[in-house]
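*Asks:* how would this look folded up:
(chains A, B, C and D)
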Number of protein chains: 2
Amino acid sequence: MSTKQPDCLQCAMREHSIFAGLSSEDICQLGMDVHDIHVTAGTTIYHESDPAQYAYTLRQGGIKLVKSLANGHAQIVRLLHRGDLFGFEGLRSDQHRHSAIALTGTDLCRLELRALDALSQRLPAMREAIFARWQQALQEAEDRIVELGAKKADARLATFLCQWCIAYRQQRAAPFPLTRRDLGEFLGLSTEHVSRIMADFKRQGLLHEHKGQIEIPEPQKLLRHACSDDTSA
Amino acid sequence: MSTKQPDCLQCAMREHSIFAGLSSEDICQLGMDVHDIHVTAGTTIYHESDPAQYAYTLRQGGIKLVKSLANGHAQIVRLLHRGDLFGFEGLRSDQHRHSAIALTGTDLCRLELRALDALSQRLPAMREAIFARWQQALQEAEDRIVELGAKKADARLATFLCQWCIAYRQQRAAPFPLTRRDLGEFLGLSTEHVSRIMADFKRQGLLHEHKGQIEIPEPQKLLRHACSDDTSA
DNA sequence: CGTCCAATTGAAACAAGTCAATCTATGTGG
DNA sequence: CCACATAGATTGACTTGTTTCAATTGGACG
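*Replies:* Below you'll find the model as predicted:
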């Protein structure tokens, strides 16, 4: 893990972060220790039930938030993309509620929770920004509940892959650092089952995969294939 | 649906609500139209994708928040207990994100979202209270993701029943207005499967049920029974 | 007493998980 | 450059978990 002092004013992320809308003076007077951090794939940034000291903004790379069960199963609670804020459950609780693990080499911006809390009291724009992310996380979590509770494996996988690609829609092929096991832990499936369904999709030309990238030629087709509960009477 | 003007100062819920910590003067100057509402079992309080106008505090009774899928399945996203605030996703979005349906006869306190938003700007205590509920909802949602993604039917049901009873721990037997179908829609299972597992639990004396009440003599035993993935080598 | 709806049960079909073997690609050290 | 070790992906055969469909039971209520 490497660390350095950043120049927040020049940050490319700035207008997509919780600091969006703050003036340059505000930024200069943050009075918070901010660190740029780089970690390699597989690094655990913090552990479930670690005392929470920092929140992070993901500047580049991929992160999974994981909860582990007594029975040996792990569940990925959330997957993070460029620009996402995480670890902020520490604003309300003393401990982190999941482990954060890098899927790829990753650039992070580390923020002190205590300072973040104080700032959000002082700067309404920041408070709103944090609130908005909290709310977005809830919405996504509720959508996941529906996916996990009401859909079958192939439909879950299809909608997930389509959403993933939408998040990278500017590119023809989306970077895809997830292993079959990651997919399984995210979707509540065994790695073998994920592998079989992926292989099916590929055989049917609904999906292509090379060297850590995927491409879905016709998302609608993939969704139709997997989600139709064929009540086509 | 019946409605009346309440006396908020006398409200038994007050110190458990988002108005906790406000002075009597604050309460008198809320400047918000508050209505006490009573609805009967089965009433839909609002529909998914209805324009959001109100949030509600549940004073008495039970509510389910439901999302419906194209394939005909419904998923209960959250179950609400006495004191819970709901409908507040309308603070951030124009529409409700789920339908709210009464499980029993229910007393509600209806709050105007616009006014609530304005008040939370003015009164830090209230802002914090709303924030806290949002955060609690996220935590619960993430726990549900783990349940749905990583556990089998009997374990899901067992942990749910135990948590339900803990919420009513003062009483020997907890009120239980959920049908087998409700349980299925909450846990992502068919009603028949729920019925079978419940019957099993009852046959083994892990669970008793009479007239809309349930009792779990030894919660640990029930959990042990259902959650042990018997890696007991 | 008959009606209605929820709960239960059984049998069969289907979905998903497990275990074990093989097949890759990739990287390592000789 | 090759032989080998490693980790992920794939596949097959089998087992277990869950749903579906259909029939039956049971209770609440007019």
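
*Asks:* contacts, neighbours, all on C-alpha from now
*Replies:* OK.

*Asks:* output the below-cut-off pLDDT ranges for chain A.
*Replies:* Along chain A, segments meeting pLDDT under 70 span A:1-6, A:229-233.

*Asks:* domain parsing for it?
*Replies:* Listed domain ranges for chain A are A:2-143, A:151-227 (source: automatic domain parsing).

*Asks:* which among these is found nearest to DNA strand C?
*Replies:* Judged by CA to the nearest atom of the strand, the one of the domains of chain A that comes nearest to DNA strand C is domain A:151-227, at 3.6 Å.

*Asks:* now the terminal residues of that closest one, how far apart.
*Replies:* 8 Å (CA to CA, to the nearest Å).

*Asks:* got it, and stretch A:39-50?
*Replies:* Using CA to CA, the two ends of stretch A:39-50 sit 18 Å apart.

*Asks:* which other residues reach it?
*Replies:* By CA atoms under 8 Å, 6 or more residues apart in numbering or on different chains, the residues outside stretch A:39-50 that reach it are A:1-2, A:66-67, A:95-107.

*Asks:* narrow those residues to those in helices?
*Replies:* The helices, defined by DSSP state H, take in nothing from the contacts of stretch A:39-50.

*Asks:* please spell out the PyMOL selection for the buried subset of those residues.
*Replies:* This is the PyMOL syntax for the buried subset of those, where burial follows 16 or more other CA atoms under 10 Å in any protein chain shown:
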select buried, chain A and resi 66+67+95+96+97+98+99+100+101+102+103+104+106+107
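
*Asks:* quick check: chain neighbours aside, which residue is closest to residue A:61?
*Replies:* Excluding the flanking residues, the one nearest residue A:61 by CA to CA, 6 or more residues apart in numbering or on different chains is residue A:106, at 4.4 Å.

*Asks:* which residues are in contact with the one you found?
*Replies:* Counting by CA under 8 Å, 6+ apart, residue A:106 touches A:38, A:39, A:40, A:41, A:58, A:59, A:60, A:61, A:62, A:63.

*Asks:* and the nearest residue in space to the first one that is not next to it in sequence, what does it touch?
*Replies:* Beyond its immediate neighbours in the sequence, the residue positioned closest to residue A:38 (CA to CA, 6+ apart) is residue A:107, lying 4.6 Å away. When contacts are counted by CA under 8 Å, 6+ apart, residue A:107 touches A:36, A:37, A:38, A:39, A:58, A:59, A:60, A:61.

*Asks:* same deal with residue A:23?
*Replies:* Counted by CA under 8 Å, 6+ apart, residue A:23 has zero contacts.

*Asks:* so what's the residue count around residue A:82?
*Replies:* When neighbours are counted by other CA atoms under 10 Å in any protein chain shown, residue A:82 registers 18.

*Asks:* can you pull the contacts of it?
*Replies:* Counted by CA under 8 Å, 6+ apart, residue A:82 has contacts A:58, A:59, A:60, A:61, A:62.

*Asks:* on that earlier part again, what about DNA strand D: which of the contacts of stretch A:39-50 touch it?
*Replies:* Among these, no residue lies close to DNA strand D (CA under 7 Å from any atom of the strand).

*Asks:* now go through the contacts of stretch A:39-50 and say which are in strands.
*Replies:* Counting by DSSP state E, those place A:2, A:66, A:67, A:99, A:100, A:101, A:102, A:106, A:107 in strands.

*Asks:* picking up where we left off before, closest to residue B:90 out of the domains of chain A?
*Replies:* Closest to residue B:90 of those, according to CA to CA: domain A:2-143, at 10.7 Å.

*Asks:* what lines up beside the host helix or strand of residue A:209 in the sheet?
*Replies:* Per DSSP states H and E, residue A:209 falls inside strand A:208-210. Sheet pairing for strand A:208-210, assigned by DSSP bridges, gives strand A:213-215 (antiparallel).

*Asks:* list the buried residues in the strand it pairs with.
*Replies:* In terms of neighbour count (16+ other CA under 10 Å), strand A:213-215 has its buried residues at A:214, A:215.

*Asks:* which element follows it toward the C-terminus?
*Replies:* Heading C-terminal from strand A:213-215 (DSSP H and E), you reach helix A:219-227.

*Asks:* and that next one, which residues are buried?
*Replies:* A:219, A:222, A:223, A:225, A:226, A:227.

*Asks:* determine which two of those residues are furthest apart.
*Replies:* Spatially, the most separated pair among the buried residues of helix A:219-227 is A:219 and A:227, at 11.8 Å (CA to CA).

*Asks:* with distance to DNA strand C added, can I get the ones in strands among the contacts of stretch A:39-50 in JSON lines?
*Replies:* Formatted as JSON lines, the ones in strands among the contacts of stretch A:39-50 follow (distance: CA to the nearest atom of the strand, whole Å):
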{"residue": "A:2", "distance to DNA strand C": "21"}
{"residue": "A:66", "distance to DNA strand C": "17"}
{"residue": "A:67", "distance to DNA strand C": "17"}
{"residue": "A:99", "distance to DNA strand C": "22"}
{"residue": "A:100", "distance to DNA strand C": "23"}
{"residue": "A:101", "distance to DNA strand C": "20"}
{"residue": "A:102", "distance to DNA strand C": "18"}
{"residue": "A:106", "distance to DNA strand C": "18"}
{"residue": "A:107", "distance to DNA strand C": "21"}
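
*Asks:* farthest pair within those?
*Replies:* A:2 and A:67 (25.8 Å).

*Asks:* pull up the residues of chain A that are close to DNA strand D.
*Replies:* Counting by CA under 7 Å from any atom of the strand, chain A comes close to DNA strand D at A:178, A:179, A:180, A:181, A:191, A:192, A:193, A:195, A:196, A:198, A:199.

*Asks:* how much space between the third one and residue A:80?
*Replies:* So that's residue A:180. Distance check for residue A:180 against residue A:80: by CA to CA, it reads 17 Å.

*Asks:* the strands in chain A, which residues?
*Replies:* Counting by DSSP E, the strands of chain A are A:2-4, A:35-39, A:44-46, A:54-60, A:63-68, A:74-80, A:85-86, A:99-102, A:106-112, A:174-175, A:208-210, A:213-215.

*Asks:* ok, and what's touching the last one?
*Replies:* Meaning strand A:213-215. With CA under 8 Å, 6+ apart as the test, strand A:213-215 has contacts from A:165, A:172, A:173, A:174, A:175, A:176, A:177, A:207, A:208, A:209.

*Asks:* go on, the fifth one?
*Replies:* Among residues not part of strand A:63-68, those counted as contacts by CA under 8 Å, 6+ apart are A:48, A:74-81, A:97-104, A:106, B:146.

*Asks:* longest single helix anywhere in chain A?
*Replies:* Counting by DSSP H, the longest helix found in chain A is helix A:124-150.

*Asks:* what residues are bridge-paired with the residue most central in space within chain A?
*Replies:* Nearest to the geometric centre of chain A sits residue A:80, at 1.2 Å (CA atoms, centre = their mean). Beta-bridge partners recorded for residue A:80 (DSSP bridges): residue A:63.

*Asks:* pretty sure it contacts residue A:62?
*Replies:* Yes. Contact status for residue A:80 versus residue A:62: in contact at 6.0 Å, counting by CA atoms under 8 Å.

*Asks:* got the residues of chain A near DNA strand C?
*Replies:* Those residues of chain A that sit near DNA strand C, judged by CA under 7 Å from any atom of the strand, are A:152, A:153, A:154, A:188, A:189, A:190, A:191, A:192, A:193, A:211.
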